[in-house]
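Student: Structure for the following, please:
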Amino acid sequence: MICSKCRIKMKEQKRSFHKRRKWVCPRCGKVRFQEIKEKK
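Tutor: Numbering: from 1, shown residues only. Below you'll find the predicted structure:
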């Protein structure tokens, strides 16, 4: 995932957060969540 502010790659945190992936920008510290879609 790419930070909308800095346009650089964000780092993924290891543990899942309410069935979402947590991405943190190393430069500005902005946090984004990506929902994990379950396969049916």
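Student: what helix or strand does Arg32 sit in?
Tutor: strand 31-35 (DSSP states H and E).
Student: Run a quick neighbour tally on Arg21.
Tutor: Arg21: 16 surrounding residues under other C-beta atoms under 10 Å. (Each C-beta comes from the backbone N, C-alpha and C, glycine too.)
Student: For it, give me phi and psi.
Tutor: phi -90, psi 140 (degrees, to the nearest 10).
Student: how close does it sit to Cys28?
Tutor: Distance from Arg21 to Cys28, counting by C-beta to C-beta, to the nearest Å: 19 Å.
Student: Cys3: neighbour count?
Tutor: 19.
Student: Hmm, it is touching Cys28, no?
Tutor: Yes - look at Cys3 against Cys28 with C-beta atoms under 8 Å: they come within range, at 6.7 Å.
Student: Enumerate the beta-bridge partners assigned to Gln34.
Tutor: In this entry, Gln34 is beta-bridged to Arg21, by DSSP bridges.
Student: Check what pLDDT it gets.
Tutor: The model reports Gln34 with a pLDDT of 91.
Student: Also Cys25?
Tutor: Per-residue confidence (pLDDT) for Cys25: 93.
Student: Is it correct that it is in contact with Ser4?
Tutor: No - if you go by C-beta under 8 Å, Cys25 and Ser4 don't touch, sitting 9.0 Å apart.
Student: Cool, thanks, signing off.
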